[in-house]
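Enquirer: Provide a 3D model corresponding to the input given below.
(one chain, ligands or ions: 1)
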Amino acid sequence: MMNNGLSNSLNSYCFYRDWKKEYPVAERGEGIYLFDKKGKRYIDGSGGPCVVNIGHGVKEIIEALRAQLDKLCFPFVGNFSSDAQIELGQKVIEFSPRTMSKVYFLSGGSEASETALKFVRQYHIERGDLSRTIFITRWKSYHGATLGALALSGHTKRRQDYLPYLIHFPHIHPPYCYRCDRGKNYPGCELECAHELERIIRLYGPDQIAAFITEPIIGNTAGVVIPPKEYWPIIRSICDRYGILLVADEVITGFGRTGRNFGVDQWDVFPDVIIAGKGISSGYTPLAGVIINEKMWDVFKNSKRSSFFLGYTFSGHPLACYGGVAVLKYMINENLVERSKRMGDYLLAKAETLGRLDSIGEVRGRGLLAGMEFVKDKRTKQPFERSKNFIEKVTSECFKNGLILTGGSGGADGVEGDHIIISPPFTVTESQIDDIIEILKGSILNTIDQM
Ligand code: PLP
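Expert: Modelled structure (predicted):
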């Protein structure tokens, strides 16, 4: 079937995410821009979303991948290692917090969440701590679309249809000061949301708990929710007190997105496991990873056994890994993490100018990860009725105007609440940020006018 630059589930053999929507066919990328087959230019203000950290079409990466293609594409990881995997392992561990020790490579964030779950379980099994099976997680979180990862997630809407297939894990409330579940204010609240972890641990029994899993900064399920500075250190000390592993899902926040190498670096906290994805290869190849610390590696190293049921056919694929090597080299050479911080400060300042609009409740950001939460009533923080599809209208208006941004909903109560994420590639310039904010502002105002 031919396409005229537009494709949908009716005029092609593809089943698309939205099978009633028509998708422009993307043709090429350059810096922060994507171009479709009809020649329309889009600013990739979402970076993928939160994937394309170094920008589109970087020649160094394409050349490195070509060279790898010439050499080797597929030795099965059950039989071989590869130079690409070995080199990426070293690069990732050098880039990670100093306590991290080993990395297992995968093809996507959901696979990495599933695999982190297995690493945690296996760590406890190796130590003979067989009762530790429960993961504590948080509401308004996201760890992936596969059933284990979705069970770990706390986004009501995304879980709803699949509830019968999800194992039950206890969820605690996130550190979401704008909509505190207890109606308290920071710092008077004394971080009750962090101490809730300890209460849940004691209720279930500490010897039942395997790990606490969470995102350093909530990404697309609530629109960039940044915890107070005391949150992560409190969480780390609670986990230590009860022998519980701390898993940081850095699929969005990792690899420089928040202006530090990893999100946890914001608070100098050392997790036991890091789940990495998205920006690790900046989208040049499908790549993710589970990074474990020395404490866990020591247990595996000294175990009588030497393997567990781990991995997928394509795990550690050399082309995918070599994409990661080339991207990490480029990011370090070009000092892009520092740039993410600097341009992020500019982006936040510009985004805050929109905070004056009646429909914007709060603007938040760290590095090049900025979010805005929309409200119908600024004083009461009441969200728009979900049936109004506010955020879908804003993002499609942006798209029409040549700006790609990721919208989301469910931040307020799991279903209601609209937000948007602005997360362009780190190579973005100040004038490109001005363009993003200008188009976004026009799109918000147009949407409000039409409601
Ligand atoms: N974890 C977080 C925090 C995410 O935001 C996502 C995806 O958005 C995932 C895990 C799942 O990653 P993937 O979509 O690559 O499977």
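Enquirer: next, D36: phi, psi?
Expert: Backbone torsions of D36, given as degrees, to the nearest 10, read phi -90, psi 180.
Enquirer: and the nearest residue to it once chain neighbours are set aside, bridged to which residues?
Expert: Excluding the flanking residues, the one nearest D36 by Cβ to Cβ, 6 or more residues apart in numbering is P24, at 4.0 Å. C-beta: built from backbone N, CA, C; applies to glycine. In this structure, P24 bridges to L6 when assessed by DSSP bridges.
Enquirer: quick one: P24 from G402, how far?
Expert: To G402, P24 is 11 Å away according to Cβ to Cβ, to the nearest Å.
Enquirer: common neighbours of those two, please.
Expert: The contact sets of P24 and G402 overlap at K40 (Cβ atoms under 8 Å, 6 or more residues apart in numbering).
Enquirer: over to L357. Which of the three states is it?
Expert: coil (DSSP: H, G, I helix; E, B strand; the rest coil).
Enquirer: against the ligand, how distant is it?
Expert: To the ligand, L357 is 27 Å away according to Cβ to the nearest ligand atom, to the nearest Å.
Enquirer: what number of residues lie near the residue of the stretch 201-350 of the chain found nearest the ligand?
Expert: Nearest residue of the stretch 201-350 of the chain to the ligand (Cβ to the nearest ligand atom) works out as V251 at 3.5 Å. Burial of V251 is recorded as 28 neighbouring residues (other Cβ atoms under 10 Å).
Enquirer: and the pLDDT for it?
Expert: V251 carries a pLDDT score of 98 in this model.
Enquirer: with Y162 instead?
Expert: Taking Y162 on its own, its pLDDT is 98.
Enquirer: now do D358
Expert: Here, the pLDDT recorded for D358 equals 96.
Enquirer: touching, it and K378? I think so.
Expert: Yes: using Cβ atoms under 8 Å, D358 is in contact with K378, at 5.7 Å.
Enquirer: comparing these two, which residue is more hemmed in?
Expert: K378 (16 against 12).
Enquirer: which residues touch the more buried one?
Expert: The contact partners of K378, by Cβ under 8 Å, 6+ apart, come to 358-361.
Enquirer: swap the cut-off to 6 Å and go again
Expert: For K378, the contact set (Cβ atoms under 6 Å, 6 or more residues apart in numbering) comprises D358.
Enquirer: check whether stretch 364-377 comes near the ligand.
Expert: No: in terms of Cβ under 6 Å from any ligand atom, no part of stretch 364-377 sits within range of the ligand; the closest distance is 11.0 Å.
Enquirer: who's in contact with that stretch?
Expert: Contacts of stretch 364-377 (Cβ under 6 Å, 6+ apart): 223-224, 226, 257-259, 340-341, 343-344, 347-348, 351, 359-363, 381-384, 418-423, 426.
Enquirer: how about that stretch as PDB, C-alpha atoms only?
Expert: Extracted in PDB, the C-alpha atoms of stretch 364-377 (Å, rounded to 0.1, in the frame of the first residue of the first chain):
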ATOM      1  CA  ARG A 364       8.000  22.700  37.600                       C
ATOM      2  CA  GLY A 365      11.300  21.700  36.300                       C
ATOM      3  CA  ARG A 366      14.800  20.300  36.800                       C
ATOM      4  CA  GLY A 367      17.300  20.400  34.000                       C
ATOM      5  CA  LEU A 368      15.700  20.000  30.600                       C
ATOM      6  CA  LEU A 369      12.700  18.200  32.200                       C
ATOM      7  CA  ALA A 370      10.000  20.800  32.700                       C
ATOM      8  CA  GLY A 371       6.300  20.300  33.400                       C
ATOM      9  CA  MET A 372       3.100  22.300  33.700                       C
ATOM     10  CA  GLU A 373      -0.100  21.400  35.400                       C
ATOM     11  CA  PHE A 374      -3.400  22.800  34.000                       C
ATOM     12  CA  VAL A 375      -6.400  23.700  36.100                       C
ATOM     13  CA  LYS A 376      -9.900  24.900  35.600                       C
ATOM     14  CA  ASP A 377      -9.700  27.000  38.800                       C
END
